[in-house]
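Peer 1: quick one, fold the following:
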Amino acid sequence: MDDFWMSVNKLVAAAAAYITDPRGRVLLVKPNYRDHWNFAGGLIDEGEHPSQACAREVAEELGLTTTPGSLLVTQWLMPLDTCPLPSVHFMFDCGTLDPGTPITLQAEELDDYGFFPMETAAELLRPHAFARLSAAASARDSGAPSFLAPENV
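Peer 2: Now for the predicted structure:
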(Lines give C-alpha, C1' and ligand atoms only; values in the text may rest on other atoms or scores of the structure.)
Protein backbone atom coordinates (compact mmCIF):
# COMPACT_ATOMS: atom_id res chain seq x y z
CA MET A 1 0.00 0.00 0.00
CA ASP A 2 2.81 2.47 0.81
CA ASP A 3 4.31 1.88 -2.65
CA PHE A 4 1.01 2.89 -4.21
CA TRP A 5 0.80 6.19 -2.28
CA MET A 6 4.45 6.97 -3.05
CA SER A 7 3.67 6.56 -6.76
CA VAL A 8 0.72 8.97 -6.76
CA ASN A 9 1.30 12.34 -8.39
CA LYS A 10 2.06 15.23 -6.08
CA LEU A 11 0.04 18.43 -5.94
CA VAL A 12 0.70 21.79 -4.31
CA ALA A 13 -2.38 23.34 -2.67
CA ALA A 14 -2.60 27.02 -1.72
CA ALA A 15 -5.20 29.43 -0.39
CA ALA A 16 -5.39 33.20 -0.74
CA ALA A 17 -7.52 36.15 0.28
CA TYR A 18 -9.42 38.54 -1.94
CA ILE A 19 -9.38 41.74 0.11
CA THR A 20 -10.36 45.18 -1.13
CA ASP A 21 -10.50 48.69 0.25
CA PRO A 22 -13.65 50.87 0.16
CA ARG A 23 -12.60 52.18 -3.27
CA GLY A 24 -12.60 48.64 -4.71
CA ARG A 25 -8.83 48.36 -5.03
CA VAL A 26 -7.38 44.92 -4.34
CA LEU A 27 -4.78 44.17 -1.67
CA LEU A 28 -1.58 42.67 -3.09
CA VAL A 29 1.66 41.77 -1.36
CA LYS A 30 5.26 41.84 -2.60
CA PRO A 31 7.09 38.69 -1.46
CA ASN A 32 10.83 39.00 -0.87
CA TYR A 33 11.45 35.55 -2.38
CA ARG A 34 9.84 36.21 -5.81
CA ASP A 35 10.04 38.92 -8.43
CA HIS A 36 6.30 39.41 -8.81
CA TRP A 37 3.45 40.63 -6.61
CA ASN A 38 0.82 38.20 -5.37
CA PHE A 39 -2.11 37.76 -3.01
CA ALA A 40 -1.96 37.39 0.75
CA GLY A 41 -2.00 33.66 1.34
CA GLY A 42 0.14 30.59 0.99
CA LEU A 43 0.43 26.84 1.15
CA ILE A 44 -2.17 24.72 2.87
CA ASP A 45 -0.73 22.67 5.72
CA GLU A 46 -1.43 18.95 6.04
CA GLY A 47 -4.89 18.37 7.50
CA GLU A 48 -5.84 22.05 7.15
CA HIS A 49 -8.99 23.20 5.37
CA PRO A 50 -8.27 25.78 2.62
CA SER A 51 -10.28 28.47 4.43
CA GLN A 52 -8.28 27.83 7.62
CA ALA A 53 -5.05 28.18 5.64
CA CYS A 54 -6.29 31.45 4.18
CA ALA A 55 -7.09 32.90 7.62
CA ARG A 56 -3.78 31.64 9.06
CA GLU A 57 -1.72 33.07 6.23
CA VAL A 58 -3.46 36.47 6.35
CA ALA A 59 -2.79 36.61 10.10
CA GLU A 60 0.87 35.61 9.66
CA GLU A 61 1.60 37.82 6.64
CA LEU A 62 -0.43 40.92 7.46
CA GLY A 63 -1.36 40.71 11.13
CA LEU A 64 -5.07 40.74 10.22
CA THR A 65 -7.77 38.58 11.76
CA THR A 66 -10.18 37.54 9.03
CA THR A 67 -12.96 35.05 8.61
CA PRO A 68 -12.84 33.87 5.02
CA GLY A 69 -16.24 34.04 3.40
CA SER A 70 -17.29 32.53 0.11
CA LEU A 71 -14.93 30.54 -2.04
CA LEU A 72 -14.65 32.78 -5.10
CA VAL A 73 -12.23 30.91 -7.35
CA THR A 74 -10.56 27.55 -7.66
CA GLN A 75 -7.70 27.54 -10.16
CA TRP A 76 -5.83 24.52 -11.47
CA LEU A 77 -2.33 25.15 -12.82
CA MET A 78 0.11 22.86 -14.53
CA PRO A 79 3.78 23.15 -13.45
CA LEU A 80 5.25 26.63 -13.84
CA ASP A 81 8.76 28.01 -13.65
CA THR A 82 8.03 29.05 -10.05
CA CYS A 83 6.49 25.68 -9.08
CA PRO A 84 7.60 22.39 -10.66
CA LEU A 85 4.42 20.57 -9.56
CA PRO A 86 0.79 20.95 -10.57
CA SER A 87 -1.09 23.19 -8.17
CA VAL A 88 -4.57 24.12 -7.08
CA HIS A 89 -5.35 27.57 -5.69
CA PHE A 90 -8.39 28.56 -3.64
CA MET A 91 -9.31 32.24 -3.28
CA PHE A 92 -11.73 33.31 -0.57
CA ASP A 93 -13.63 36.55 -0.10
CA CYS A 94 -12.07 38.18 2.97
CA GLY A 95 -14.05 41.38 2.66
CA THR A 96 -13.26 45.07 2.56
CA LEU A 97 -10.81 46.65 4.99
CA ASP A 98 -11.80 49.84 6.72
CA PRO A 99 -9.46 52.79 6.07
CA GLY A 100 -6.78 52.97 8.70
CA THR A 101 -6.83 49.27 9.54
CA PRO A 102 -3.29 48.53 10.70
CA ILE A 103 -1.31 46.05 8.61
CA THR A 104 1.87 44.50 10.00
CA LEU A 105 3.99 42.84 7.31
CA GLN A 106 5.71 39.54 8.02
CA ALA A 107 9.26 40.78 7.41
CA GLU A 108 10.63 37.27 6.79
CA GLU A 109 8.43 36.89 3.69
CA LEU A 110 7.11 40.25 2.52
CA ASP A 111 8.71 43.50 1.39
CA ASP A 112 5.59 45.55 0.72
CA TYR A 113 1.84 45.65 0.26
CA GLY A 114 -0.59 47.96 -1.46
CA PHE A 115 -4.13 48.44 -2.67
CA PHE A 116 -4.27 48.58 -6.45
CA PRO A 117 -6.92 49.16 -9.12
CA MET A 118 -7.41 46.32 -11.59
CA GLU A 119 -5.39 48.07 -14.32
CA THR A 120 -2.32 48.30 -12.07
CA ALA A 121 -2.83 44.80 -10.70
CA ALA A 122 -2.74 43.51 -14.29
CA GLU A 123 0.77 44.93 -14.63
CA LEU A 124 1.99 43.58 -11.27
CA LEU A 125 0.63 40.03 -11.35
CA ARG A 126 1.60 37.10 -13.54
CA PRO A 127 -1.09 36.33 -16.15
CA HIS A 128 -2.48 33.28 -14.33
CA ALA A 129 -2.72 35.26 -11.07
CA PHE A 130 -4.46 38.15 -12.82
CA ALA A 131 -6.95 35.65 -14.29
CA ARG A 132 -7.65 34.50 -10.71
CA LEU A 133 -8.09 38.09 -9.57
CA SER A 134 -10.49 38.89 -12.41
CA ALA A 135 -12.51 35.75 -11.68
CA ALA A 136 -12.60 36.63 -7.96
CA ALA A 137 -13.92 40.13 -8.66
CA SER A 138 -16.61 38.70 -10.95
CA ALA A 139 -17.54 36.00 -8.44
CA ARG A 140 -17.89 38.54 -5.62
CA ASP A 141 -20.20 40.63 -7.82
CA SER A 142 -22.28 37.72 -9.14
CA GLY A 143 -22.21 35.35 -6.18
CA ALA A 144 -21.20 32.52 -8.53
CA PRO A 145 -17.78 30.94 -7.88
CA SER A 146 -15.43 30.23 -10.75
CA PHE A 147 -13.20 27.32 -11.74
CA LEU A 148 -10.18 28.15 -13.87
CA ALA A 149 -8.47 25.31 -15.69
CA PRO A 150 -5.20 25.72 -17.64
CA GLU A 151 -7.01 26.02 -20.96
CA ASN A 152 -9.04 29.03 -19.81
CA VAL A 153 -6.18 30.94 -18.19
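Peer 1: residue 89 sits in which helix or strand?
Peer 2: strand 87-96 (DSSP states H and E).
Peer 1: would you mark the buried spots in that strand?
Peer 2: Of all the residues in strand 87-96, those buried under the rule 16 or more other C-beta atoms under 10 Å are 87, 89-94. (Each C-beta comes from the backbone N, C-alpha and C, glycine too.)
Peer 1: stretch 59-70 now?
Peer 2: 60-62, 64, 66, 68, 70.
Peer 1: quick one, phi/psi of residue 57?
Peer 2: The phi/psi pair for residue 57 (degrees, to the nearest 10) reads phi -70, psi -40.
Peer 1: below-threshold pLDDT in this structure: ranges please.
Peer 2: Within the chain, the ranges that satisfy pLDDT under 70 run 1, 151-153.
Peer 1: correct me if wrong: residue 22 contacts residue 100.
Peer 2: No: using C-beta atoms under 8 Å, residue 22 makes no contact with residue 100, being 10.9 Å away.
Peer 1: looking at the two, which has the bigger crowd around it?
Peer 2: residue 22 (10 against 5; other C-beta atoms under 10 Å).
Peer 1: list the residues that contact the more buried one.
Peer 2: By C-beta atoms under 8 Å, 6 or more residues apart in numbering, residue 22 lies in contact with 96, 98-99.
Peer 1: so what does the strand holding residue 89 touch, helix or strand wise?
Peer 2: Applying 3 or more C-beta pairs under 8 Å, 6 or more residues apart in numbering; DSSP states H and E, we find strand 87-96 packed against strand 12-20, helix 50-62, strand 71-77, helix 127-142.
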